[in-house]
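Colleague: here you go, sequence then predicted model.
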Amino acid sequence: MTTLDYIVDAAEPITLIGGGEASLDDLNEARALAPTCVAADGGAALAVDAGVPLAALIGDLDSTPDEVLHQIPRDRRHLITEQDSTDFEKALSRVHAPLVLGVGFTGARLDHQLAAFNTLAAFAHRPCILLGPLEIILLAPPHITLPTAPGDIVSLMPLAPVRGTSRGLRWPIDGLPFAPGGQIGTSNQALGPVELTIEGPDMLLILPRRLMAPLAAQLLQPDRAQWPVRAERRKDQRL
């Protein structure tokens, strides 16, 4: 996908709003870092209730109530009818920004939440942080230093076989063969700042919610390492 094909192409971070569990406080916290807002289908309801203008509404629009839909300018509604992807994927693949903050993609239905995690891995080249009630979730980049304090929980959940190294964790991960159905890394603890190096785009990183702003700032650094487009996605026009 070229820049001309994106529905929203922004030089600054974007807040992407989903239809899961989210509050006005969640939305305001994300907007403080990413004022431009895009809704994925049912997420439009929270935006309209909050009086937040949308740069775009993207999805199959089957979860957007008519009374909400009618309050969004027609030229900002983007109907994507195919059913091979979730609304989160439809939206994330059609916006271009240095960072996306996702609100309303956790909680509520568990299958939707798991699908959102799958989308993070499928679009590993798109830096995205999901805001949950207590935590933030993102796909671990190739290298990152976390501004954690002693005792902070640092959880690592593999979505495919993957390895990494760490500094500053109570239980180092060096040499561990992480894999679904095998080794996982939930409830590790920071001894202070944590440095992680991950060998592939297949590890979810779950951190305390208060780290969203400093982590976002780090992901916005121009020299940060990031994942390439996955090979299996290169033929997909939504890239």
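Modeller: Structure's in. What do you need?
Colleague: max-length strand in the protein?
Modeller: strand 185-198 (DSSP state E).
Colleague: can you give the strand pairings for that strand, parallel or anti for each?
Modeller: Here strand 185-198 has these sheet partners by DSSP bridges: strand 143-146 (antiparallel), strand 153-158 (antiparallel), strand 164-169 (antiparallel).
Colleague: centre of the chain to it, how far?
Modeller: In terms of Cα atoms, centre = their mean, to the nearest Å, the centre of strand 185-198 is found 20 Å from the chain centre.
Colleague: shift numbering so it begins at 668
Modeller: With the count now opening at 668, the last piece we talked about shows up as strand 852-865.
Colleague: nearest to Gln750, out of the strands paired with strand 852-865?
Modeller: Gln750 lies closest to strand 820-825 among the strands paired with strand 852-865, at 27.4 Å (Cβ to Cβ). Heads up, the C-betas are built off the backbone N, CA and C, glycines and all.
Colleague: so for that closest one, what gets flagged as buried?
Modeller: Neighbour-count burial for strand 820-825, with 16 or more other Cβ atoms under 10 Å as criterion, is recorded at Val821, Ser822, Leu823, Met824, Pro825.
Colleague: show me the strands in this structure, by range?
Modeller: 675-676, 681-684, 703-707, 723-726, 744-746, 762-763, 767-770, 795-798, 802-806, 810-813, 820-825, 831-836, 852-865, 870-875.
Colleague: could you dump those into CSV with mean pLDDT and distance to Asp754 added?
Modeller: Converted to CSV, the strands of the chain look like this (pLDDT from 0 to 100; distance: least, Cβ to Cβ, whole Å):
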stretch, mean pLDDT, distance to Asp754
strand 675-676, 96, 15
strand 681-684, 98, 10
strand 703-707, 97, 4
strand 723-726, 96, 4
strand 744-746, 95, 11
strand 762-763, 96, 13
strand 767-770, 98, 12
strand 795-798, 98, 14
strand 802-806, 98, 18
strand 810-813, 96, 28
strand 820-825, 98, 23
strand 831-836, 98, 31
strand 852-865, 98, 28
strand 870-875, 98, 20
